[in-house]
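[1] Structure here, sequence nowhere to be found:
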């Protein structure tokens, strides 16, 4: 197939972009039209959506519409962005269905009796000193009961009583005929959150680990914990963003792979990493990270850096570093991220490495956007992509896991009103939603350690990155939540780019999909559905770990395993459970498998290209990690 030649178009750099001038000057000029009015919409615009009350008035909306949205925005601030209507709707649906189901009521009464008898039998055995297995076990991600004191009376009885109630509510919120499945899951989620507030692990008198620590320190742990609580409250009330600890300084300890910023616009910086081998593969690699967090999750400390490892394998690596938006960028759209992000990065790479096809790698939301861009390029006959790698990235959101608990029309409208007032979705709403899914570990267990055991949060490269959160521009996030997540338009054949629908089946470039076993953000079966909506040559890897830890899997990391399977182009679909049964786990890291796959799609190594292309208006602007990653 003859590669279609496309002209290289480089958007103008903002004034002062390469001179280290004032921050405001560097953002004066962008690559988009003001307010996004002349940028083609990626999906249908949200009716009445404008970034601010003033803009709503200019748009000619009903004069009282702003009052409604202002009220909703105020309520959203008080509830942390959670819609009370969505919660009430779920409770009403569940209670009405249960009230009309006497058989289920009898079943739950029997479940309560069974749990009570098992608990009484365990208590009697404990009192008589007889061996007896605990009838109720905590969940796989619940570390609150790991202390040996929970095996002794009376703590064991309190623990088992709590878990028995949890078990009953799990049965009570199971699907009912006629009950909307999302409502059943939402009720179960809310009850878990409510029960967790009264867990015996939360209170010093009923937690043996806290009591042991009080005895060991003379109560000093409670004083230190109170100091931690006051410090956290101060930061929350002041909405302060904690700075990165000096021991993990960005550019020195983290994100320290040598490289240069070769392009900057008001949306992103493009980093080109310096080669560490005498020769490199002719096909460069472009990494598209998620904009929900900063890019250096893929360039943490040197021993955990995927980027550094890939450079050492003889590849020229480019990475996008997204800018953290403010209220002024409320108009940024998904189309802006596609055109001024991915396509602009490809244009720059084509100027630096003329004629080379590119291995594109997208992580999380960056992978979803890359899939959109790749399908659009395939539709338009643009074959500059040598391959596509999607890491923990979903293209279909029908089975997107517990994040669906936070999304319906009511909830999205509520978030839109909140973003309408501020211009962006702020850090607490984003991080809070992710933490609530694993509240046992990420909220309650941490609170016990920090406030009652007096333990300080010991930073690691991963936790530093997790706390270095970003914001989401209002227009883009609204389009993503409605068009991509809620309405699932990509795989429904209703996602239009520049006025024409795209299809993932058009992608001819080989695809490498990485899913992680315990991912609570992009569940692996949802990630696997890329196989259902593509016909190209496809390799799927399922690796041990979660959304972040599974991706960061250096070859020397102990206790790792993965499964790998290959589907030739045009082969029949295999469902995820059948795929799992056919592909046994293999010890080690998936990274070498990816390198072998890339090598098979690449040419023979040659001399590395230079940094930037000064003769093509692409001078070196900064050293890596650039300017945007340092902005709070």
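    Happy to help now that I have it. Bear in mind that the values here come from a model prediction, so they are computed numbers and not experimental data.

[2] who touches the closest residue in space to residue 485 that isn't next to it in sequence in this structure?
    Take residue 485 and drop its neighbours on the chain: the residue closest to it by CB to CB, 6 or more residues apart in numbering is residue 397, 5.0 Å away. The way it works is simple: take the backbone N, C-alpha and C, and place the C-beta from them, glycine included. Counting by CB atoms under 8 Å, 6 or more residues apart in numbering, residue 397 makes contact with 404, 484, 485, 486, 488, 526.

[3] isn't residue 132 right up against residue 121?
    Yes: applying CB atoms under 8 Å as the test, residue 132 and residue 121 come out as touching, 7.4 Å apart.

[4] related to what we said a few turns ago, could you check how far the residue nearest to residue 485 is from residue 500?
    Per CB to CB, to the nearest Å, residue 397 is found 22 Å from residue 500.

[5] cool, and residue 521?
    30 Å.

[6] Among these two, which residue is more densely surrounded?
    For the pair residue 521 and residue 500, the greater number of neighbours falls to residue 521 (23 against 9), based on other CB atoms under 10 Å.

[7] List phi and psi for the spatially closest residue to the more buried one that is not a sequence neighbour.
    Nearest in space to residue 521, with sequence neighbours left out and distances taken as CB to CB, 6+ apart, is residue 547 at 4.5 Å. Backbone geometry at residue 547, expressed as degrees, to the nearest 10, gives phi -60, psi -40.

[8] What is the burial count for residue 547?
    Counted with other CB under 10 Å, residues neighbouring residue 547 total 20.

[9] Which helix or strand contains residue 525?
    In this structure, residue 525 is located in helix 524-528 according to DSSP states H and E.

[10] now swap in residue 417 and tell me
    Residue 417 is part of helix 409-422, with elements assigned from DSSP H and E.

[11] mind listing what's buried in stretch 529-545?
    Within stretch 529-545, the residues that count as buried by 16 or more other CB atoms under 10 Å are 529-531, 533-545.

[12] quick revisit: what's the per-residue pLDDT of the residue nearest to residue 485 here?
    At residue 397 the predicted local confidence, pLDDT, stands at 94.

[13] What separation do you get for it and residue 522?
    According to CB to CB, residue 397 stands 10 Å off from residue 522.

[14] Give me the common contacts of the two.
    Taking CB under 8 Å, 6+ apart as the contact definition, residue 397 and residue 522 share no neighbouring residue.

[15] excluding its backbone neighbours, what's nearest residue 157?
    Residue nearest to residue 157 in three dimensions, not counting chain neighbours: residue 123, with 5.5 Å by CB to CB, 6+ apart.

[16] ok, now how distant is the one you found from residue 248?
    With the distance defined as CB to CB, residue 123 ends up 48 Å from residue 248.

[17] again, but for residue 284
    Shown here: residue 284 relative to residue 248, a distance of 29 Å by CB to CB.

[18] The two: who's more crowded?
    In this comparison of residue 284 against residue 248, neighbours counted by other CB under 10 Å, the higher total goes to residue 284 at 26 against 19.

[19] My read is that the more buried one contacts residue 358, right?
    Yes: under the contact definition of CB under 8 Å, residue 284 touches residue 358, with a separation of 5.7 Å.
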